[in-house]
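>>> missing the sequence, but the structure's below:
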């Protein structure tokens, strides 16, 4: 299905909902969020927010409903097994105003995989909203989508398998990125950073002090879909703090034929 109308040239947005008392109580380490953020960023999908929730139907419903309205898509992990604490589908159904019923295609998928009639416990896992889509190859557990919500299991290896398909389905333009490494302390160049942010409101600019690296004390990142303003913003900041403070710049996604500006002719300031 995947659907939700999104302009072809716009980055898709997504909210992540990690579900499980075991994550909140640290009985299990949350391995899913780091891999989700990394893989989705590589696919050009902007994660707008991450929530880690208990196995509480009302709380799951409230957050999924909120995310489904604010973002193009929602992705949940965890809480889809056959036991008493697997409440995700109840919460998703409540969030989207759906009922739950035995899903015929899901019954067929599990029966084909096991080669046997479903047990009562397996049947519990087929209770889904009727309009739930089963995506992906038929030789393994499907990726489930209801409305604009993808529902994944909590096992990291199973999440990784479904991420391949999700990233292909939601792939979006990835913004250009410049990471500027400076030898100056952050507090000394706050006015310069503020001025550059004000001059280039179309860019996402972040400032990150570094305390455990020998060759730089500050990283400033510039992210945007239009390369010339991004390059100009980097030059603007370097003009304000002084080019002597530059350690190096790492660039991502600049057009191959883009000529370097005058300030970038210094060693290490241009990627080619």
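Okay, I see it. None of these values were measured; they are calculated from a predicted model.
>>> Please make it C-alpha for all contacts and neighbour counts, starting now.
Noted.
>>> mind checking the backbone torsions on residue 76?
As for residue 76, its main-chain torsions (degrees, to the nearest 10) stand at phi -110, psi 150.
>>> again with the one 4 residues further on
The phi/psi pair for residue 80 (degrees, to the nearest 10) reads phi -120, psi 20.
>>> That one: what's it in contact with?
Contacts here follow Cα atoms under 8 Å, 6 or more residues apart in numbering; on that basis residue 80 touches 86-89, 125, 152-154.
>>> Tell me where the stretch 1-150 of the chain is predicted with low confidence.
Residue ranges of the stretch 1-150 of the chain with pLDDT under 70: 1-9, 137-140.
>>> give me that answer again for 50
Within the stretch 1-150 of the chain, the segments meeting pLDDT under 50 span 7.
>>> Same check on the stretch 151-272 of the chain?
In the stretch 151-272 of the chain, no residues with pLDDT under 50.
>>> now with 90?
161, 212-215, 255-272 (pLDDT under 90).
>>> Pull the number of nearby residues for residue 201.
Counted by other Cα atoms under 10 Å, the residues lying close to residue 201 total 9.
>>> go on, residue 30?
18.
>>> what's whichever helix or strand residue 69 is part of packed up against?
Assigned by DSSP states H and E, residue 69 belongs to helix 57-70. Under the contact definition 3 or more Cα pairs under 8 Å, 6 or more residues apart in numbering; DSSP states H and E, helix 57-70 sits against strand 13-19, strand 46-53, strand 73-77, helix 88-96.
>>> of all the ones you listed, which lies closest to residue 209?
Residue 209 lies closest to strand 46-53 among the helices and strands packed on helix 57-70, at 23.0 Å (Cα to Cα).
>>> Just want the angle from that closest one to helix 57-70.
170 degrees (axes from the mean of the first three to the mean of the last three Cα atoms, to 10 degrees).
>>> ranges for the helices of the stretch 101-250 of the chain?
Secondary structure of the stretch 101-250 of the chain, counting by DSSP state H, counting those that start in this stretch: helices at 104-114, 120-124, 156-170, 190-199, 227-241.
>>> Let me have these in CSV, adding mean neighbour count and distance to residue 40 as columns.
Listed next are those as CSV, based on neighbours: other Cα atoms under 10 Å; distance: least, Cα to Cα, whole Å:
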stretch, mean neighbour count, distance to residue 40
helix 104-114, 15, 27
helix 120-124, 13, 30
helix 156-170, 16, 6
helix 190-199, 15, 26
helix 227-241, 18, 22
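>>> Out of those, flag the one nearest residue 93.
Checking these against residue 93 by Cα to Cα gives helix 120-124 as the closest, at 14.6 Å.
>>> Out of the helices of the stretch 101-250 of the chain, flag the one nearest residue 65.
helix 156-170 (20.0 Å).
>>> Not counting that closest one itself, show me its contacts.
For helix 156-170, using Cα under 8 Å, 6+ apart, the contacting residues are 2, 12, 31-32, 35-36, 39-40, 43, 45, 77, 136, 143, 152-153.
>>> re earlier: now the helices of the stretch 101-250 of the chain as CSV including distance to residue 96?
CSV is the format used below for the helices of the stretch 101-250 of the chain (distance: least, Cα to Cα, whole Å):
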stretch, distance to residue 96
helix 104-114, 20
helix 120-124, 20
helix 156-170, 20
helix 190-199, 39
helix 227-241, 39
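>>> so which of these comes closest to residue 95?
Proximity to residue 95 (Cα to Cα) singles out helix 120-124 among these, at 19.5 Å.
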